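Asks: quick check, what structure comes out for this input:
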Amino acid sequence: MKKYNLAILVDNKPGVLTHVSGLISRRAFNIESISAGYTEETDVTRINIEVSVEDKHELEQVINQLSKLIDIIKIVNLGEVDSIVRELVLLKVRANKETLKDIRNIVDVFRGKIVDISPENVVIEITGSKGKIDAICAMMAQFEIIEIARTGTIAISRGPVPVKEM
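Replies: Purely as a prediction, here's the structure:
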């Protein structure tokens with residue numbers, strides 16, 4: 001299975017995200033991550049989806065099916081253009097006076113930040129590639145990860161051309 005990042009511009013209406021995700025899941029394609037948010041235009045929402053498909057033909061099927069939905073404005077496969085892909089994770093890790101220095105050193109290496117501290121744990125914020133996120137999670141496992149919240153991937157193309165003009 002290969003993963004593809006799709007940027008989908010849709011009308012900002014209730015239920016559109018449900019229609020998009022439902023269409024993909026009904027076709028038995030796997031959604032690895034999905035996020036939706038506002039754009040520079042108040043009546044447009046951007047949905048970032050990472051889908052797993054067997055080949056380009058299946059990806060074309062996904063895009064063609066999505067294109068038939070009324071509220072879809074534009075779909076761009078960001079794997080076909082130079083793009084920046086990131087993920088955000090918040091990690092809650094068990095910590096005490098003895099382990100806090102080691103945890104801070106690891107967080108610094110990964111260019112993250114500690115956003116909350118209590119006598120029993122810390123909350124760490126990291127952004128980066130999936131590989132970077134997986135690596136810090138592996139490093140923090142030695143301290144006992146209490147909880148993880150990951151956004152999934154979001155992506156944006158490089159250069160001056162926005163998705164709506166691609």
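Asks: which parts of the longest strand along the chain are buried?
Replies: Scanning the chain for the strand with the most residues, using DSSP state E, yields strand 83-94. Using 16 or more other Cβ atoms under 10 Å as the test for burial, strand 83-94 gives 83, 85, 87, 88, 89, 90, 91, 92, 93. Heads up, the C-betas are built off the backbone N, CA and C, glycines and all.
Asks: so who does the closest residue to residue 166 other than its chain neighbours touch?
Replies: In space, residue 166 comes closest to residue 76 once its chain neighbours are excluded; the distance is 4.9 Å by Cβ to Cβ, 6 or more residues apart in numbering. For residue 76, the contacting residues are 6, 7, 8, 157, 163, 166, by Cβ atoms under 8 Å, 6 or more residues apart in numbering.
Asks: all strands for this protein, in order.
Replies: Secondary structure of the chain by DSSP E: the strands cover 2-11, 30-38, 44-53, 72-77, 83-94, 113-117, 121-128, 145-150, 154-157.
Asks: any chance of these in CSV with mean pLDDT as columns?
Replies: Shown next, in CSV, are these (pLDDT from 0 to 100):
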stretch, mean pLDDT
strand 2-11, 93
strand 30-38, 91
strand 44-53, 93
strand 72-77, 95
strand 83-94, 96
strand 113-117, 97
strand 121-128, 97
strand 145-150, 96
strand 154-157, 93
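Asks: as a markdown table, the ones you listed with distance to residue 63 would be great.
Replies: What follows is those, written out as a markdown table (distance: least, Cβ to Cβ, whole Å):
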| stretch | distance to residue 63 |
| --- | --- |
| strand 2-11 | 7 |
| strand 30-38 | 14 |
| strand 44-53 | 10 |
| strand 72-77 | 5 |
| strand 83-94 | 16 |
| strand 113-117 | 37 |
| strand 121-128 | 27 |
| strand 145-150 | 25 |
| strand 154-157 | 15 |
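Asks: of these, which is nearest residue 62?
Replies: Closest of the strands of the chain to residue 62 is strand 44-53, at 6.0 Å (criterion: Cβ to Cβ).
Asks: what's that closest one packed up against?
Replies: When contacts are defined as 3 or more Cβ pairs under 8 Å, 6 or more residues apart in numbering; DSSP states H and E, strand 44-53 sits against strand 2-11, helix 16-26, strand 30-38, helix 56-67.
Asks: most packed of those?
Replies: Mean neighbours per residue, mean count of other Cβ atoms under 10 Å, is largest over these for strand 2-11, with a mean of 19.
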